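Participant: return atomic coordinates for the entry below.
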Amino acid sequence: MFKDKTKKAIFHLAYPMKNKEETRLFYTNILGCPAGREDETWIDFNFFGNQLSFHLCEKSYLVKEPTNLVDGKDVPIRHFGAVLEWKTWHVLKDRLIKHKLDFIIDPYIRFKDQKGEQATMFFNDPSGNSIEFKSFKNISQVFEK
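Facilitator: Here you go, the predicted structure:
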């Protein structure tokens with residue numbers, strides 16, 4: 001089914017949002033994601049080469065999300081994000097700190113000086129959607145066991 005490994009699939013992911021303008025400002029001004037098509041009740045973003053859509057949700061959909069313990073930290077089970085290049089991750093981390101973003105899990109390095117060394121950080125967008133950005137010191141180890 002996935003025989004042509006030269007073509008990259010672009011994912012499409014849709015999430016709820018509470019306020020369209022807060023969402024626009026967060027994704028464009030803080031994360032640097034260009035806005036795409038939109039209507040009164042939804043907006044798309046170019047999320048690091050992928051299509052991320054947000055739809056207004058009038059119902060109260062935010063509940064205490066379940067977590068898993070990873071490295072002694074409560075990682076939100078439901079989250080999305082991107083794997084960035086090492087330098088890009090650090091630039092984004094510095095920008096988020098400059099914007100005084102509240103982290104769910106502060107930026108840190110896992111498996112320091114080991115196979116699979118990676119940088120990671122978690123935070124919520126204005127609607128409470130959990131986001132993780134990570135980066136592998138050696139990008140070829142992303143799918144290694």
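Participant: pretty sure Asp74 is touching Pro66, no?
Facilitator: No: applying Cβ atoms under 8 Å as the test, Asp74 and Pro66 come out as separate, 9.4 Å apart. Quick note: C-beta positions are derived from backbone N, CA and C, even for glycine.
Participant: those two: which is more packed in?
Facilitator: A direct count of neighbours by other Cβ atoms under 10 Å for Asp74 and Pro66 places Asp74 higher, at 14 against 10.
Participant: beta-bridge partners for the more buried one, please?
Facilitator: The bridge-partner assignment for Asp74, based on DSSP bridges, gives Leu69.
Participant: can you report how many residues lie near Ile77?
Facilitator: Look at Ile77: counted by other Cβ under 10 Å, it has 10 neighbours.
Participant: mind listing what it touches?
Facilitator: Applying Cβ atoms under 8 Å, 6 or more residues apart in numbering to Ile77 gives the contacts Glu65, Pro66, Thr67, Asn68.
Participant: could you check how far the last one is from Trp89?
Facilitator: Meaning Asn68. Applying Cβ to Cβ, to the nearest Å, the value for Asn68 to Trp89 is 22 Å.
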